[in-house]
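Q: I would like to see how this sequence folds:
(2 chains)
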Amino acid sequence: MKESMEKRIAGAELPEKTRNELRKYLGDRSVTEAQFKRILDRVVREYQNTRIEACEAVGIVAAQSIGEPGTQMTMRTFHYAGVAEINVTLGLPRLIEIMDARKAPSTPTMTIHLKPEYAQDRDRAREVSWQIEAAPLHEFGDITIDMENMQVVVQLNTAVCDKRKIGVETIVENAPKKIRERRHYRDFECEVHADRALLLFIPKDRESYQNLFQLAEHVRNVIVQGIDDIERVVVRKEEGEYILYTEGSNLKDVFEVEGVETARTRSNNISEIADVLGIEAARNSIIDEALSTLGEQGILVDVRHLMLVADMMCMDGEVKQIGRHGIAGEKESVLSRAAFEVTVNHLLDAAVANEVDELNGVTENIIVGQPIQLGTGDVKLIAKPLKSGD
Amino acid sequence: MTFHVLDHIMVPEHRIMTEEEIGTLLSTYHLSLDQLPKIFHDDPAVKTVKAKPGNVIGIIRSSQTAGRAESFRLVVKRPKK
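A: Numbers count the residues shown, from 1 in each chain, chains lettered A, B, ... in the order given. Here you go, the predicted model:
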């Protein structure tokens, strides 16, 4: 391929993908100048033909294209999504969750990729997983309730601590602090014997057994290692590297963990992505999640429809839900409301509130008997009067 | 260790547009500034490129259909709840 041709391909009004395909196709072929011109012209013309026309009702097309295959979805499917024993909501419930822009999905999960030096070694991957998986205190030693002296005795197992790469001092320091801060339980005192790896918790009220058992419950379940929101971590080898799958999601804290490859780590919590990575990442995530939810059920929806939906949801800088009343926050016309139910009341209320109807929608325009603003109806004809002598 | 928002695979390239670029953008598409999609001033990606409310952010997405797609967002203050 000659350089002049390359230049003309780069300058042509074509999407990048088509240009690359054209380059690939012409790459090792010898074409004459005339042939090249014909090919390029034809490709450009075909591209122009495939473009959606102005004023086309793409929203309706998207709604139908997602809605119809959506009726084929199995309604309640909870599935072990390829990953051992991690339960993820899929199918229709998940699709509804995405469109509703819920603050938290019913089954938040993360896929955590590791830095190359950690991703090859199972033991090092396990080490990272311990930094992430929330581990309660009872996993690190024996907890006994000493009823004679009214205290809870924690005897830490140093072997477990060593294996999990956490110092006894850290646990001893964190446990009482976390009970106070995270579990909001303050009616106790704590005695620390770091040298013997021993912790004593003494309730303030030394008369009540109920308090003692309550305290023991807190001591047993306080999270001393890992990230609180992440209940479980599964290490799996995929395509030659170890990947962590989690139950529970906390992007911000996971990004701080040593050994995590932040660039490829993702969550299925869209609103969390919007907070941590921004609205553009949220848009991408809506598309990916919706496409994989549909694709998982063998339903093929063109990505353009999902892109439109995601674009509309992320238009105003935050993720807005698409509910059965359209996109949240969009004002509905008085006339279209009146056309639905209790006509007189709606009109009366609108009159009292001095509401203005912009007549943008389809319903309103049909009510007043104007062409709707779609397709040919959206085109205003502008005519230049002929001057004499033209 | 600090992580960079723009390095993440899900975050496309963000950059602040110059006045001149905004002018050509608005005139080619016959737009007014407030017709552009919005992005909040405290959006993590906006904070990394240090854009202020009123700036226009040019976003270069890797599109599944077109390969590469440009998009634009106007930086606005996040409304108080």
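
Q: Against which helices or strands is the helix or strand containing A:Arg124 packed?
A: Take DSSP states H and E as the rule and A:Arg124 turns out to sit in helix A:122-132. Here helix A:122-132 touches helix A:116-119, strand A:232-238, strand A:241-247, going by 3 or more C-beta pairs under 8 Å, 6 or more residues apart in numbering or on different chains; DSSP states H and E. Bear in mind the C-beta positions are built from the backbone N, C-alpha and C, glycine included.

Q: which residues does the spatially most central residue of chain B contact?
A: Centroid-nearest residue in chain B, with C-alpha atoms, centre = their mean: B:Ile57, separated by 2.8 Å. By C-beta atoms under 8 Å, 6 or more residues apart in numbering or on different chains, B:Ile57 lies in contact with B:14-17, B:39, B:45-46, B:49, B:51, B:72-75.

Q: Drop anything exposed from those residues.
A: B:His14, B:Ile16, B:Met17, B:Ile39, B:Ala45, B:Val46, B:Val49, B:Ala51, B:Phe72, B:Arg73, B:Leu74, B:Val75 (16 or more other C-beta atoms under 10 Å in any protein chain shown).

Q: Closest one of those residues to A:Glu247?
A: B:Ala45 (28.3 Å; C-beta to C-beta).

Q: pretty sure that closest one belongs to a strand, no?
A: No - counting by DSSP: H, G, I helix; E, B strand; the rest coil, B:Ala45 falls outside a strand, being helix.

Q: And stretch B:31-47, what's buried?
A: B:Leu36, B:Pro37, B:Lys38, B:Ile39, B:Phe40, B:His41, B:Asp43, B:Pro44, B:Ala45, B:Val46.

Q: Chain neighbours aside, what residue packs nearest to the third one?
A: Right, the one you point to is B:Lys38. Closest residue in space to B:Lys38, ignoring its immediate chain neighbours: A:Gly317 at 4.1 Å, by C-beta to C-beta, 6 or more residues apart in numbering or on different chains.

Q: Count the residues that sit near the one you found.
A: 24 (other C-beta atoms under 10 Å in any protein chain shown).

Q: How about A:Gln214?
A: Count around A:Gln214 with other C-beta under 10 Å applied: 15.

Q: Contacts only, for it.
A: A:Tyr185.

Q: Write out the residues of chain B neighbouring chain A.
A: By C-beta under 8 Å from any C-beta of the partner chain, the residues of chain B that approach chain A are B:1, B:3-5, B:7-12, B:14, B:37-40, B:43-46, B:59, B:61, B:63-69, B:73, B:76, B:78.

Q: Tell me where the model's unsure across chain B.
A: Applying pLDDT under 70 to chain B picks out residues B:1-2.

Q: closest point of it to chain A, which residue?
A: Here the residue of chain B nearest chain A is B:Gly67; by C-beta to the nearest C-beta that distance is 3.3 Å.

Q: Which helix or strand contains that residue?
A: Applying DSSP H and E, one finds B:Gly67 in no helix or strand.

Q: correct me, but it touches A:Leu14?
A: No - using C-beta atoms under 8 Å, B:Gly67 is not in contact with A:Leu14; the gap is 9.7 Å.

Q: What's the local residue count around A:Ile270?
A: Neighbours of A:Ile270 (other C-beta under 10 Å): 26.

Q: ok, for B:Leu6, nearest residue in space, not its chain neighbours?
A: B:Thr48 (5.6 Å).

Q: what pLDDT does the residue nearest to B:Lys38 get?
A: Turning to A:Gly317, the model gives it a pLDDT of 90.

Q: Contacts only, for it.
A: Here A:Gly317 is in contact with A:Ile279, B:Pro37, B:Lys38, B:Ile39, B:Phe40, B:Asp43, B:Arg73, B:Val76, B:Arg78 (C-beta under 8 Å, 6+ apart).
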